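J.: Need a 3D model of the following:
(chains A and B)
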Amino acid sequence: MNDAPILCPLPERIDGDALAQIRRAALHHAAGTTVVLDCAALSTLDALAAARLLRLIAEGRAAGIAVRLAHLGDAVRRALTDVDPAILEEDLPRPRRNPIEVIGAHALDAADAAAAVGTLLTDTAAELAVPFGRRGVKWDRTVQQMALVGTEAVPIVAFISILIGVVLALNGAQQLRQFGAAIFIANLVAISMTREMGPLITAIVVAGRTGSAIAAEIGTMVISEEIDAMRTMALSPVRFLVVPKVLALLCMMPLLTVISNVAGIGGGYAVGVFGLDLGSSAYRMQTVQALLISDVATGLVKSVVFGLLIGLIGVYRGFAVRGGPEAVGRATTSAVVTSIIACIVANAGFTAFFYVTG
Amino acid sequence: MTRAESTRVLVIEDLVAGYGDTMILDGISLAVDPGEIVVVLGATGSGKSTLLRCIVGLVEAWQGRVLIGGRDINAASGVGREEILRGVGLAFQEAALLNSMTTAENVALPIMEHWEVDEPTALMLARMRLARVGLAGAGDKMPAELSGGMRKRAGIARAIALEPRLLLLDEPTAGLDPTTARAIDELVLGLKARGDMGIVAVTHELGSINTIADRAVMLATGTVIASGTLAEVRADPDPRVQAFFRRELLPQAARKNLVDDLEWRA
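T.: Below you'll find the model as predicted:
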């Protein structure tokens, strides 16, 4: 510990600029140093100036620097006498963590989240093992969820898919026409839609509509103690809330993907037939010849996995809500972002897997 | 398990519990017999609500036992825990009704799940429970359409839906006008009159305490500082007990002076 205190005179007024200067002069010392702030020039101390001074002292404590005051005038003494010293203990600024610690903490959080999603998955699977009866799946709630997840999403999925089909066809046309191969637009659109774009577009729309709604609904129930109330009534929130939503997503995602595929191919057809004069029957024949059952099946398998990811992530984010309505908003955003990222990562994994396995 | 433990609706022994690293309850012991109302009182933050959450297993006990009808809820899981919870009704402070259901559906929910009855019968029984708490005709209303007092009554109706032997009430009259609060007190006394139900009411409303309490337990900083009949607790010499009942400020320990802390003395 350094024995000699460092003297630092305070100006007449402690405003924002003065605070920055005092901080530079007083707090850039090693831990264990004692800094004495000379208050001789300080004739008065209003509440704001006192807050600035105390903040400085608290920051000093956090850094291991003892900050003391000398030559206190009566007015300054009076202003500080009213303050409970306990506030210096509770308002210590958090020490900055080094980047490795921050990365480590994020990694641990991600591991915890993955474990929680895994637990939700096993709990959901355990509930699905009893499909009927009093302790079985809530089929009425599941059908209700299917309508929300599926039927109501049809217009937006179809609309976006048509546009994606149009864009794919127009971009393909620019290149393929140079080689006189414009008819292969049909192949491009059909295979892209069924293998990649259909499931992915559907997943993005459903993540935005349903993933967010799931997180918001469950998050709101958490903060209004509805989930706790269910638990005290010995009602399983997984059986009542999670299973119907996840089951609805598992059922409706492939159906929405089929609609997306058809709409996307329809968009490509419109460009090919009406924009590029490829001929209706020729385009249809080319599409049928290009498509394999495996292309469609690949997309449908993906869509089921995407549905599972969206459901579990939405539910996890909802259950993790702590605090008030603001936390519900954060959970909603987080559910959408995490679901979309998870679906894109899963899609990349699927594509790599199918490429390697042929 | 002793005979007393099996006949009592609730026995809490040396309960220690908290959230994260923070201990909230430190060695709480309590027993409730059928047909009596035990009021848990104490200042805000003394651990009253946490105690209720521990009883129903929403907060895990770190140590000690919570015996409901002679069975330890913390040692039970799955169907065993469900059986124990069927014998307990908890009315939350803010009612915690499921907002997506009507009031009658809220009350019917545990009935349909735990008693194998069809929906119309469960709804009829739910309306009977609602009428019991003075909410006849409110069954079709959504929770958002109910006033604060009605929500609390609906919460109590749901809590008694399965005719539990143990009823837990979290601040049943907090935030209500004196007349509505008195009506809820009368409702609680009416439930007690049934004779087989033990009631634990957490409250710091002096009016309610005086009206409903058979026995009282006073908590401060997570420990029991006084217990017994209401008269015994009132007579307890602990200054915190006396300050509570007389609505007085607690004597403050002499506060340190910031200037003494900070002034430099060479």
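J.: Neighbours of the residue of the stretch 101-250 of chain B found nearest chain A, how many?
T.: Closest approach between the stretch 101-250 of chain B and chain A, counting by C-beta to the nearest C-beta: residue B:110, at 4.5 Å. (Glycine included, C-beta is placed from N, CA and C.) When neighbours are counted by other C-beta atoms under 10 Å in any protein chain shown, residue B:110 registers 25.
J.: Wait, it touches residue A:231, no?
T.: No - between residue B:110 and residue A:231 there is no contact, the gap being 11.8 Å when judged by C-beta atoms under 8 Å.
J.: Now do the same for the residue in the stretch 1-150 of chain A that chain B sits nearest to: helix, strand or coil?
T.: Closest contact between the stretch 1-150 of chain A and chain B, by C-beta to the nearest C-beta, is at residue A:68 (3.7 Å). Here residue A:68 takes the strand state, with states given by DSSP: H, G, I helix; E, B strand; the rest coil.
J.: Tell me who's in contact with the closest residue to it other than its chain neighbours.
T.: Leaving aside its chain neighbours, residue A:68 sits nearest to residue B:264 (3.7 Å; criterion: C-beta to C-beta, 6 or more residues apart in numbering or on different chains). Residue B:264 makes contact with A:5, A:36, A:68, A:69, A:70, according to C-beta atoms under 8 Å, 6 or more residues apart in numbering or on different chains.
J.: Which pLDDT value goes with the residue of the stretch 1-150 of chain A closest to chain B?
T.: Note for residue A:68: predicted pLDDT of 88.
J.: Isn't it up against residue A:34?
T.: Yes - contact criterion C-beta under 8 Å: residue A:68 and residue A:34 qualify, at 6.4 Å.
J.: shared neighbours, the two?
T.: Residues touching both residue A:68 and residue A:34 (C-beta under 8 Å, 6+ apart): residue A:5.
J.: How many residues are close by residue A:158?
T.: Number of residues near residue A:158 (other C-beta under 10 Å) recorded here: 18.
J.: One more: residue A:112?
T.: Going by other C-beta under 10 Å, the residues that sit close to residue A:112 add up to 11.
J.: one step back: next, the contact list for the residue of the stretch 101-250 of chain B closest to chain A, please.
T.: Residue B:110 touches A:233, A:234, A:235, B:158, B:161, B:162, counting by C-beta under 8 Å, 6+ apart.
J.: ok, and does the helix or strand that residue A:348 is a member of reach over to chain B?
T.: Assigned by DSSP states H and E, residue A:348 falls within helix A:325-357. No - Helix A:325-357 stays clear of chain B (C-beta under 8 Å from any C-beta of the partner chain), getting no nearer than 13.2 Å.
J.: Run the chain-centre distance for that helix.
T.: Relative to its chain's centre, helix A:325-357 lies at 9 Å (C-alpha atoms, centre = their mean, to the nearest Å).
J.: try stretch B:112-128
T.: Mean C-alpha position of stretch B:112-128 versus that of the full chain (C-alpha atoms, centre = their mean) differs by 25 Å.
J.: Touching that stretch from outside, list them.
T.: The contact list for stretch B:112-128 (C-beta under 8 Å, 6+ apart) reads A:134, A:233-235, B:86, B:104-108, B:111, B:136, B:139, B:157, B:161-162.
J.: try 10 Å
T.: Taking contacts as C-beta atoms under 10 Å, 6 or more residues apart in numbering or on different chains, the residues outside stretch B:112-128 that touch it are A:133-135, A:140, A:230, A:233-236, A:239-240, B:82-83, B:85-86, B:102-111, B:135-140, B:154, B:157-158, B:161-163.
J.: Please apply the same query to stretch A:109-126.
T.: If you take C-beta under 10 Å, 6+ apart as the criterion, stretch A:109-126 is touched by A:236-239, A:242-243, A:245-247, A:250, A:308-309, A:311-313, A:315-317, A:319-320, A:338, A:342.
J.: Any buried residues in it, and which?
T.: A:117, A:120, A:121, A:123, A:124 (16 or more other C-beta atoms under 10 Å in any protein chain shown).
J.: ok so, going back, who touches both of residue B:110 and residue A:231?
T.: The contact lists of residue B:110 and residue A:231 share residue B:85, where a contact means C-beta under 10 Å, 6+ apart.
J.: what residue ranges in chain B score low on pLDDT?
T.: Counting by pLDDT under 70, chain B shows low-confidence ranges at B:1-6, B:251-255, B:266.
J.: tell me the domain boundaries of it?
T.: By the assignment in automatic domain parsing, chain B contains the domains B:1-87+B:164-252, B:96-162.
J.: Can I have the buried ones of the contacts of residue B:264 as a PyMOL selection?
T.: Only the buried members of the contacts of residue B:264 enter the following PyMOL selection, criterion being 16+ other C-beta under 10 Å:
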select buried, chain A and resi 5+36+68+69+70
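J.: out of the contacts of residue B:264, which one sits closest to residue A:152?
T.: The nearest member of those to residue A:152, counting by C-beta to C-beta, is residue A:69 at 65.8 Å.
J.: measure the residue lying closest to the closest one once chain neighbours are set aside to residue B:107 for me?
T.: What sits nearest to residue A:69 in space, not counting adjacent residues and going by C-beta to C-beta, 6+ apart, is residue B:262, at 4.9 Å. As defined by C-beta to C-beta, to the nearest Å, residue B:262 lies at a distance of 60 Å from residue B:107.
J.: When those two are compared, which one has more neighbours?
T.: For residue B:262 versus residue B:107, neighbours defined as other C-beta under 10 Å are more numerous around residue B:107 (30 against 21).
J.: for the more buried one, helix, strand, or coil?
T.: Applying three-state DSSP: residue B:107 is helix.
J.: picking that back up, among the contacts of stretch B:112-128, which lie within helices?
T.: A:140, A:230, B:82-83, B:85-86, B:103-111, B:154, B:157-158 (DSSP state H).
J.: Give me the buried subset of those residues.
T.: Buried subset of the ones in helices among the contacts of stretch B:112-128 (neighbour count, 16+ other C-beta under 10 Å): A:230, B:82, B:85-86, B:103-111, B:154, B:157-158.
J.: and the residues you listed, which two are the farthest apart?
T.: B:82 and B:103 (24.4 Å).
J.: Excluding chain neighbours, give the residue nearest to residue B:192 in space.
T.: Nearest one to residue B:192, counting by C-beta to C-beta, 6+ apart, is residue B:37 at 5.4 Å.
J.: contacting residues around the one you found?
T.: By C-beta under 10 Å, 6+ apart, residue B:37 lies in contact with B:167, B:169, B:185, B:188-189, B:191-192, B:197-201, B:211-216.
J.: ok, now residue B:24?
T.: Residue B:24 makes contact with B:16-18, B:45-51, B:53-54, B:59, B:62, B:219, B:221-222, according to C-beta under 10 Å, 6+ apart.
J.: Chain B contacts on the stretch 151-300 of chain A?
T.: A:217, A:220-221, A:224-236, A:239-240 (C-beta under 10 Å from any C-beta of the partner chain).
J.: Now, of the residues you listed, which are buried?
T.: A:217, A:220-221, A:224-236, A:239-240.
J.: hey, where'd the strands end up in chain B?
T.: Under the criterion DSSP state E, strands of chain B are mapped to B:10-19, B:22-32, B:37-42, B:61-68, B:71-72, B:88-91, B:166-170, B:198-202, B:215-220, B:223-229.
J.: Which strands border the fourth one, and is each parallel or antiparallel?
T.: I take that to be strand B:61-68. Strands that pair with strand B:61-68, judged by DSSP bridges, come out as strand B:10-19 (antiparallel), strand B:71-72 (antiparallel).
J.: what angle do that strand and strand B:22-32 make?
T.: 20 degrees (axes from the mean of the first three to the mean of the last three C-alpha atoms, to 10 degrees).
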